[in-house]
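Visitor: Below are the sequence and a predicted model for it; my questions follow.
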Amino acid sequence: MRPLGFAFITWAIVTLLLLIRVVVLAQDVTESALKAAFIYNFAKFTEWPGDVPAAGPFVMCVLGDAAVGDALERAVIGRVLTGRRIVASRVVAVDAKRGCHILYVSGVSAAQAGLVVADLRDVPVLTISDVEGFTGVGGIAQFFFEHGQLRFRIQLESAKRARLQISSRLLIMAKRND
């Protein structure tokens with residue numbers, strides 16, 4: 001009986017140590033890195049209209065969140081989307097947003113986010129934010145947390161107005177506003 005008890009205790013300790021290591025590794029993913037990964041994947045599952053110039057890099061812009069900007073730069077370095085090099089850019093000026101294919105907005109009020117979206121009305125820019133009510137003011141995608149998990153909702157009418165085609169594979173994962 002003793003050898004079996006020792007083996008069980010050894011197995012339990014090794015299992016516990018492995019579980020602790022997995023939990024520690026999982027905690028290494030920051031909220032900013034997770035949002036950057038989502039933004040990158042949104043690009044992979046979105047189609048821009050044919051009249052958007054295909055020359056030059058694919059530009060992912062961040063307004064108001066330096067940590068997401070840093071994480072997005074790390075996430076896209078050396079990556080290519082539809083044959084175009086991806087670059088991450090931080091924007092502050094109103095006019096700078098028009099050079100973006102994707103614009104992530106954070107750290108602003110809902111009213112300010114509404115002004116940003118209004119400035120891009122009918123422009124093929126995928127607007128994403130974590131600002132509460134962002135899709136309600138015309139934004140296309142909004143991050144939120146539900147039961148400790150990062151989730152998102154997509155406003156299809158806003159995407160259609162921007163002439164963006166969102167893949168059904170992305171829409172399946174979006175939270176519905178039922």
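Guide: Great, that's in hand.
Visitor: For E132, give me its contacts.
Guide: E132 makes contact with 110, 144 under the criterion C-beta atoms under 8 Å, 6 or more residues apart in numbering. (Each C-beta comes from the backbone N, C-alpha and C, glycine too.)
Visitor: And it, how far from G139?
Guide: Distance, E132 to G139, by C-beta to C-beta, to the nearest Å: 11 Å.
Visitor: quick one: low-confidence parts of the chain?
Guide: Along the chain, the parts satisfying pLDDT under 70 run over 1-28, 52-53, 93-97, 176-178.
Visitor: can you give me the strands for it?
Guide: Taking DSSP state E as the criterion, the chain contains strands spanning 46-47, 58-63, 80-81, 84-90, 102-105, 126-129, 141-146, 149-154, 165-166.
Visitor: So for G69, which of those sits nearest?
Guide: Each of these has some distance to G69 by C-beta to C-beta; the shortest is strand 58-63, at 3.9 Å.
Visitor: Given the closest one, what are its sheet partners and their directions?
Guide: Using DSSP bridges, strand 58-63 pairs in its sheet with strand 84-90 (parallel), strand 102-105 (parallel).
Visitor: Pull the residues that contact that strand.
Guide: 39-40, 43, 68-69, 72, 76, 81-82, 84-92, 96-97, 99-106, 108, 116.
Visitor: how about the residue lying closest to A67 once chain neighbours are set aside, what does it touch?
Guide: Nearest residue to A67 in three dimensions, chain neighbours excluded: S32, at 3.9 Å (C-beta to C-beta, 6 or more residues apart in numbering). Counting by C-beta under 8 Å, 6+ apart, S32 touches 65, 67-68, 70-71.
Visitor: now that we have the residues you listed, which one has the most neighbours?
Guide: Counting by other C-beta atoms under 10 Å, V68 has the largest number of neighbours within these, with 29 neighbours.
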